[in-house]
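Engineer: Task: produce atomic coordinates for the following.
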Amino acid sequence: MLSPNFAARHPQARARVNDWLDATTSDVLSDELAAAALSEDLTPRLGELGALPILARGGELDQAAPVAFSEAIAKSGKNATLEIVAGAGHALLVEDEEGSIDSVLRFLSDS
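Structural biologist: Model (predicted):
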């Protein structure tokens, strides 16, 4: 969830994310992974987003949702903003809390 460099520099954040994961039982995690594996691929439907305002924001080092996913979402819309956070992993609200808040507020004020 966290980029390796951030996790090494911020052990309290690593502990916080580990606590989230530890709070999830193996049964729930198994069910979530199975549901994800069986879920419909909605990529072909991205064009249906049309002119909706879209903020596609991802971490450069995100392994759960790679940059290519954010790029595809942004390319699909006519009114899309793409932001890739350098050096960040999947947990942007931990690694880039202020940047995430600022980005969403800016996006909402522009939409």
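
Engineer: pLDDT on the one helix or strand residue 69 maps to, on average?
Structural biologist: Using DSSP states H and E, residue 69 falls within helix 67-76. When pLDDT is averaged over helix 67-76, the result is 94.

Engineer: Then stretch 40-53?
Structural biologist: 91.

Engineer: which other residues reach it?
Structural biologist: 72, 73, 76, 77, 78, 79, 80, 107, 110, 111 (Cβ atoms under 8 Å, 6 or more residues apart in numbering). The way it works is simple: take the backbone N, C-alpha and C, and place the C-beta from them, glycine included.

Engineer: Buried only: go through the residues you listed for me.
Structural biologist: The neighbour count (16 or more other Cβ atoms under 10 Å) marks 73, 76, 77, 80 as buried among the contacts of stretch 40-53.

Engineer: so, if you compare those, which one comes nearest to residue 62?
Structural biologist: Using Cβ to Cβ, residue 73 comes nearest to residue 62 of the buried ones among the contacts of stretch 40-53, at 13.1 Å.

Engineer: rewinding a little: what's the most distant pair in the contacts of stretch 40-53?
Structural biologist: 72 and 110 (21.8 Å).
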